[in-house]
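**Q** this is a predicted model, with the sequence first.
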Amino acid sequence: MAPGDTGVEQPRKAHRVAKSGAKARKRKGKGAAGDDEGGERKNPKAFAFRSATKAKRLQSRSAEIEQRRLHVPIMDRSIGEPPPFVVVVQGPPQVGKSLLIKCLVKHYTKQNLSDVRGPITVVSGKSRRVQFLECPSDINGMIDAAKIADLALLLIDGSYGFEMDTFEFLNIMQVHGFPKVMGVLTHLDQFKDVKKLRKTKQRLKHRFWAEIKEGAKLFYLSGLIHGKYTKREVHNLARFISVIKPIPLSWRMAHPYLLADRFEDVTSSESVRLNRKCDRKITLYGYLRGCNMKRGTKVHITGAGDFSLSGVTSLADPCPLPSAAKKRGLRDKEKLFYAPMSGLGDLLYDKDAVYININDHLVQFSNTDDNNASKKQGKGNDVGVALVKTLQNTKYSLDEKLDQSFINFFGRRPAAQSEDSDMTGTLESNGHSSSECSSDSEGDNDDDIQPSDHGVDLREEVEFCNGRMRRKAVSANFQDVDDDDEGSDNEDDSHNEDSDDDHLSEGSLSSDGSGEALDSDDGTENTSKWKKSLLARTLARRSASLMQLVYGQASAELDNDSGEEGSSDEEIFVPKGQKKQVKNELPSFDDIDAEDCSKFLKVELRDWSNEDLIKSIRDRFVTGDWSKASLRGREVDENGEGDEEIDGDFEDLETGEVHKSQAAESAAGKPGVHKEDELKVEELRLKKLALKAKFDSEYDGSDLSGEEVDNEKKKSKREQSDAGGYFDN
Ligand SMILES: Nc1nc2c(ncn2[C@@H]2O[C@H](COP(=O)(O)OP(=O)(O)OP(=O)(O)O)[C@@H](O)[C@H]2O)c(=O)[nH]1
């Protein structure tokens, strides 16, 4: 029977303070320390600094703490669970990006990923999720990835060295707010010599530090075991990824953005059937980052433009944190990953449907079976069967294909051929053969490599290595012995006059290959030299203007245009407003498509700091001289542009003021001079009208008949007589 059941409360023992043992000793120790503190307070001189260096260090430390305290605090506006941490895996082609993501996913989730497609979300800890994204190897993909990266893993092929892709990505990241960056060296198993490996590691590390910062993290993946990176190395890397703290970037925190991990076309099939090119409705799914997104706001989809948002809905978290996930039953496993594009995941609850995902490798497609069968048949494959199968597989008819195709009259990339020829040139001049290119950067140089503090001299070297084009990034400060020797040999042949700092950039064989004379002014421009080749390549990619190819330079046309404008005789035949159109070839602000504000239109703006320009419009305001403007209006009138009488006397009904017209006032002053002017103008006008009539009589389709001309003449005479009467008064 339990004692509580008796209903009588047992008396509890009072606590007795221990007088001996560990606790008592501890208590005693505390007391002694207190005495010491007291002693320190009693005799402060005894505890003063004895070393000046130590004092300085302590002072600077306290100053640093104080400064940090004074910094503007960063507001954390996130509500609830934070969205997954975006890890962008970037590197040149075939460096091992997909393999690294697969290994990391395996480490976190114990799942084998067959294909890396789209963002992959995994739970990396009790309160942390990570979203892996493979960065495409093209510039546009890099720009998109840099915008959302919280951590960038820069993969570098250790056996080859740095490639231009890495530097391009670093540069792009600098523009979009630099996230955390970690380097990962791969392909290190291709080194046979341990000493060489050590030297290369050291060299690449210092090069990496010079580019990012002293002490930046660089991981080494020493090789593959069963086609995967070693568990230990992946484990270490995963731990670093799990503990890294993202840098809060103010711009990102103030703007809502979303990395879509799934999208669906929800356009009704009927409207698609009626018009294949109809406006589609797309639903995008993803974790919202930054701040809240409002309905009706415009969203920019990278690479597609601006669109209006018709609605935002919050859905259940597809990859909840272990703490937040509610188990529905014992059979419910914790979902530790979410990768709909890669075919990972099971059940998916949507706004209006539930999806069951089955991994691609578990699904038996009849198509795949056919392919396998045809593969098995090998060379003895029946041609007829293959032909029929290809016909069955045809997606578009010939007409549709013809509709989509275009005929290329002129080469779209005229510089591409030259680029290729330059590449071969580079290959020859460098003397690298495809077999040796993987190990050409190694040497037995024992000198210590010192990272430079300022701009690093960088040049691009295009090579063909293992059957593919690679853009090696070579820098003067971090070159090894082999490269130095070869480089100096080549340079001795061709460039003898180069200075220490500039010889590498001068001797560089960039991919644009135009033999451009690079600036050799000072070391500060060194970092931007490689970007020139980037610009040249972009320009080369730009399609040629058909107009320019047929009619020559546009500048000549412009000259002609301006010449035509000068001739006053022909002005008369230009329809009203047409001249203006020709002049304003550039679109004005009114023409800008409000829907797509992502397009940048070059609009000619006037320089309003110019005094003369300001004076020229002064009279257009209420405070200006309106009498002049009215005169101007009349002149225009007299030139045959309009019939309305603008000027004249009028009385301001509000103030009761009577305004006299300029003409009337001037008539009172100097009537003779004005009369002469008027006559001259009238003469000119008649002359022009006569010319116009002559022109009209020559062409049948003219709008102005002879009768109209007569009417015009009569009208002008009447006006003249009116004016005369006016002056006579
Ligand atoms: N020997 C060796 N091979 C590696 C290493 N890392 C990757 N590979 C191999 O390199 C090849 C390319 O790997 P991927 O992961 O497909 O490279 P990737 O960067 O995703 O390639 P792309 O997506 O085409 O840009 C694979 O066959 C890998 O097995 C490494 O450290 N050592």
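**A** The structure has been received and is ready for your questions. Since the model is a prediction, treat every value here as computed from it, not as a measurement.
**Q** would you mind listing what in this structure touches the ligand?
**A** Residues of the chain lying close to the ligand by C-beta under 6 Å from any ligand atom are 91, 93-99, 137, 186-187, 189-190, 221, 223-224, 227. Using the backbone N, CA and C atoms, a C-beta is placed for each residue, glycine as well.
**Q** count of neighbours near residue 548?
**A** The number of residues packed near residue 548 is 11, by other C-beta atoms under 10 Å.
**Q** what do you get for residue 73?
**A** Neighbours of residue 73 (other C-beta under 10 Å): 6.
**Q** which strand or helix spans residue 184?
**A** Assigning secondary structure by DSSP states H and E places residue 184 in strand 180-186.
**Q** so which elements touch that strand?
**A** strand 151-157, helix 194-211, strand 218-220 (3 or more C-beta pairs under 8 Å, 6 or more residues apart in numbering; DSSP states H and E).
**Q** for those, give me a markdown table that also has mean pLDDT and distance to residue 464.
**A** Formatted as a markdown table, the helices and strands packed on strand 180-186 follow (pLDDT from 0 to 100; distance: least, C-beta to C-beta, whole Å):
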| stretch | mean pLDDT | distance to residue 464 |
| --- | --- | --- |
| strand 151-157 | 92 | 15 |
| helix 194-211 | 88 | 22 |
| strand 218-220 | 90 | 27 |
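**Q** most tightly packed of the ones you listed?
**A** Across these, averaging neighbours per residue (mean count of other C-beta atoms under 10 Å) puts strand 151-157 on top, at a mean of 24.
**Q** ok and that strand relative to strand 180-186, angle-wise?
**A** Put simply, strand 151-157 runs at 20 degrees to strand 180-186, going by axes from the mean of the first three to the mean of the last three C-alpha atoms, to 10 degrees.
**Q** next, the buried residues of the helix or strand just after strand 151-157.
**A** Downstream of strand 151-157, the first helix or strand assigned by DSSP H and E is helix 164-175. Within helix 164-175, the residues that qualify as buried are 164-173, counting by 16 or more other C-beta atoms under 10 Å.
**Q** have a look at this structure and report its longest helix.
**A** Assignment by DSSP state H gives helix 671-698 as the longest helix of the chain.
**Q** residue in the stretch 451-600 of the chain with the shortest distance to the ligand?
**A** As assessed by C-beta to the nearest ligand atom, the ligand sits closest to residue 468 within the stretch 451-600 of the chain, at 9.8 Å.
**Q** tell me where the model's unsure across the stretch 101-250 of the chain.
**A** Scanning the stretch 101-250 of the chain for pLDDT under 70 picks out no residues.
**Q** quick revisit: show me the contact partners of the strand holding residue 184.
**A** When contacts are defined by C-beta atoms under 8 Å, 6 or more residues apart in numbering, strand 180-186 is touched by residues 91, 95-96, 100, 150-158, 170, 173, 201, 204, 208, 212, 216-221, 237, 240, 244-247.
**Q** could you tell me the phi and psi values at the closest residue to residue 18 other than its chain neighbours?
**A** Leaving out its chain neighbours, the residue that sits closest to residue 18 by C-beta to C-beta, 6 or more residues apart in numbering is residue 24, at 4.9 Å. The phi/psi pair for residue 24 (degrees, to the nearest 10) reads phi -60, psi -40.
**Q** from the ligand, how far off is residue 24?
**A** 61 Å (C-beta to the nearest ligand atom, to the nearest Å).
**Q** got the buried residues for stretch 92-102?
**A** Buried residues in stretch 92-102, counted by 16+ other C-beta under 10 Å: 92, 95-97, 99-102.
**Q** I would like the residues contacting it, please.
**A** In contact with stretch 92-102 (C-beta under 8 Å, 6+ apart) are residues 89-91, 112-113, 116, 120, 132, 134-135, 137, 153, 155-157, 163, 165-166, 184, 186-187, 221, 227-229, 468, 470-471.
**Q** could you do stretch 263-273 as well?
**A** With contacts defined as C-beta under 8 Å, 6+ apart, stretch 263-273 is touched by 278-285.
**Q** if we use 6 Å, what do you get?
**A** Stretch 263-273 is contacted by residues 278, 280-284 when judged by C-beta atoms under 6 Å, 6 or more residues apart in numbering.
**Q** how is residue 131 assigned, secondary-structure-wise?
**A** strand (DSSP: H, G, I helix; E, B strand; the rest coil).
**Q** output stretch 400-407 in CSV, but only the C-alpha positions, please.
**A** Only the C-alpha atoms of stretch 400-407 are listed here, as CSV (Å, rounded to 0.1, in the frame of the first residue of the first chain):
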residue,chain,number,x,y,z
GLU,A,400,5.1,22.9,-86.9
LYS,A,401,8.8,22.3,-87.1
LEU,A,402,9.1,24.6,-90.1
ASP,A,403,7.1,27.2,-88.3
GLN,A,404,9.5,27.2,-85.4
SER,A,405,12.6,27.1,-87.5
PHE,A,406,14.3,30.2,-89.1
ILE,A,407,16.7,30.7,-91.9
